[in-house]
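sequence and predicted structure, then a few things I'm wondering about:
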Amino acid sequence: MQNVLITGANRGLGLEFTKQYSEAGCKVIACCRNPESAERLQALALFSKGQIQIIGLNVSVIDEIKELGLRLKDTHIDILINNAGSFGGKQTLAEIDYQSWSETLKTNTFAPVAIAQALKENLIAGSRKLIVNITSKMGSIDDNKSGSYYIYRSSKVALNMVTKSLAVDLQKEGITVIAIHPGWVKTDMGGKGASIQADESIQGMRKVIEDVCLADSGQFLDFKGQVIEW
Ligand SMILES: NC(=O)c1ccc[n+]([C@@H]2O[C@H](COP(=O)([O-])OP(=O)(O)OC[C@H]3O[C@@H](n4cnc5c(N)ncnc54)[C@H](OP(=O)(O)O)[C@@H]3O)[C@@H](O)[C@H]2O)c1
């Protein structure tokens, strides 16, 4: 049975990842910052017959990530999905919330590195050896024609660079690291006007995740497997 660890598993894409991977027979370690109020995740776990383990994790707190590493010391992880993300507050040139920028960098950029550090041995012990960072096309410099969104764009472009460095650093351990853009998806973040539903995005990303190998490490792909320009 494959072990899949997902952050931000209580709603949006993280919840749908958890649903689909548990239905596919994987064991899901579903991390979220407030397990007590994660009602939909709890309901999924209840019906999953033990396939979903819920663990509290605020990814912007490095000590919590270190504790997660200690708690999972003897557990192999096949696929790590760094999904938890935040959009940030006001971010036009006219008005920028710098406190929110700092918090968003912790969540979107620092956390995937800290989690990779904490769970490296777990991934080495796994058979799939795969880290998936959920990024955004808004972190593509090539694609930026509309400007603004300083907080979100900078956190995701930095996540893309982090993905590449992790891919280089972990290649000798046989760990593949990729960044995937999930599409513009109808979640709290994507909004009602987004183009696709979460189930379509996750089906697409699961196929990409299934198909990638070490030779693809360091790539920036979309949920259909298309390469995105940096
Ligand atoms: N939806 C889109 O169109 C779209 C497009 C491109 C990329 N993405 C990326 O896809 C990922 C998932 O987005 P989504 O659309 O599912 O967003 P969402 O509906 O807003 O959900 C965000 C998730 O991240 C969690 N999270 C945020 N900060 C956290 C922290 N410090 N610790 C732990 N969990 C935290 C949230 O937990 P709480 O409930 O506790 O806040 C929630 O589970 C994000 O990385 C996002 O940037 C989304």
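Arrived safely. Numbers count the residues shown, from 1 in each chain.

for the protein, which segments count as strands?
3-6, 27-32, 52-56, 79-82, 130-134, 176-181, 220-222 (DSSP state E).

dump the ones you listed to a markdown table, plus mean pLDDT, distance to the ligand and mean neighbour count.
Yep, even glycine has a C-beta here, placed from its N, CA and C like the rest. Converted to a markdown table, the strands of the chain look like this (pLDDT from 0 to 100; distance: least, Cβ to the nearest ligand atom, whole Å; neighbours: other Cβ atoms under 10 Å):
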| stretch | mean pLDDT | distance to the ligand | mean neighbour count |
| --- | --- | --- | --- |
| strand 3-6 | 98 | 9 | 26 |
| strand 27-32 | 98 | 6 | 26 |
| strand 52-56 | 98 | 9 | 18 |
| strand 79-82 | 99 | 8 | 27 |
| strand 130-134 | 99 | 4 | 26 |
| strand 176-181 | 98 | 6 | 26 |
| strand 220-222 | 98 | 10 | 20 |
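
make CSV out of the ones you listed and add distance to Lys120.
Output for those, formatted as CSV (distance: least, Cβ to Cβ, whole Å):
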stretch, distance to Lys120
strand 3-6, 13
strand 27-32, 16
strand 52-56, 18
strand 79-82, 10
strand 130-134, 9
strand 176-181, 11
strand 220-222, 22
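
out of the ones you listed, nearest to Thr107?
strand 79-82 (10.0 Å; Cβ to Cβ).

which strands and helices sit next to that closest one?
In terms of contacts (3 or more Cβ pairs under 8 Å, 6 or more residues apart in numbering; DSSP states H and E), strand 79-82 is packed against strand 3-6, helix 111-125, strand 130-134.

and the nearest residue to Thr187 once chain neighbours are set aside, how far from Ile131?
The shortest distance from Thr187 to any non-neighbouring residue, by Cβ to Cβ, 6 or more residues apart in numbering, is to Gly12 (3.7 Å). Going from Gly12 to Ile131 by Cβ to Cβ, to the nearest Å gives 20 Å.

for the helices and strands packed on strand 79-82, which one sits closest to Gly174?
helix 111-125 (7.6 Å).

tell me the angle of the closest one relative to strand 130-134?
For helix 111-125 against strand 130-134, the angle by axes from the mean of the first three to the mean of the last three Cα atoms, to 10 degrees is 160 degrees.

determine the set of other helices and strands touching helix 111-125.
So helix 111-125, by 3+ Cβ pairs under 8 Å, 6+ apart, packs with helix 62-71, strand 79-82, strand 130-134, helix 150-170.

go again with 6 Å.
When contacts are defined as 3 or more Cβ pairs under 6 Å, 6 or more residues apart in numbering; DSSP states H and E, helix 111-125 packs onto helix 62-71.

now do Gly218, the pLDDT please.
pLDDT for Gly218: 98.

pLDDT at the closest residue to it other than its chain neighbours, what is it?
Leaving aside its chain neighbours, Gly218 sits nearest to Ala167 (3.4 Å; criterion: Cβ to Cβ, 6+ apart). Note for Ala167: predicted pLDDT of 98.

and Ala167, what does it touch?
Applying Cβ atoms under 6 Å, 6 or more residues apart in numbering to Ala167 gives the contacts 177, 217-218.
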